[in-house]
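Enquirer: need a 3D model of the following:
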Amino acid sequence: MSVVVDIAGTQFSVDKNSVLNVPLIKGEPGDTLEFSNILLSESDGNVVVGTPNLNGSVKAKIIEHGKDDKIWVFHKKRRKGHRKLNGHRQKYTQIEITDIVVNN
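Expert: Sure thing, here's the model as predicted:
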């Protein structure tokens, strides 16, 4: 069974036991999370689309928190001599999907 779920404002396609990096979520490693915004469900070729959501939940476990690679942001205004270089590292939470329950 595969579902599309909304986690922290971003849509992810997840299966059971899949590990993914999502935007930073508060919690400690080992904590259990539950997401109820299921947008789409696919099981054995049968696709069910929510209007806007399906009944059910996706349970996940926090594995760790971390930072992505550095992203460089360069600003330049041509013919003005203005150049500025900034960068940042986006924080993320790594989670593992432990259970998917969809009530059709």
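Enquirer: check which residues of the helix or strand containing R89 are buried.
Expert: Using DSSP states H and E, R89 maps to strand 82-103. Within strand 82-103, the residues that count as buried by 16 or more other CB atoms under 10 Å are Y92, T93, I95, I97, I100, V102. C-beta here means a position set from N, CA and C on the backbone, and glycine is covered the same way.
Enquirer: out of those, which is nearest to N37?
Expert: V102 (12.2 Å; CB to CB).
Enquirer: closest to T32 out of the buried residues of strand 82-103?
Expert: Taking those together and measuring to T32 by CB to CB, the closest member is I95, at 9.9 Å.
Enquirer: the closest one contacts A60, doesn't it?
Expert: Yes: under the criterion of CB atoms under 8 Å, I95 makes contact with A60 at 4.3 Å.
Enquirer: hey, what's in contact with both of those two?
Expert: Overlap between the contact sets of I95 and A60, as judged by CB atoms under 8 Å, 6 or more residues apart in numbering, is given by L33.
Enquirer: most distant residue from the middle of the protein?
Expert: R79 (41.1 Å; CA atoms, centre = their mean).
Enquirer: and the gap between V48 and E96?
Expert: 24 Å (CB to CB, to the nearest Å).
Enquirer: now do the contacts for the residue nearest to S43 when sequence neighbours are not counted.
Expert: In this structure, S43 finds its nearest non-sequential neighbour in M1, 4.5 Å apart by CB to CB, 6 or more residues apart in numbering. Neighbouring residues of M1 by CB under 8 Å, 6+ apart: D15, K16, S41, E42, S43, I100, V102.
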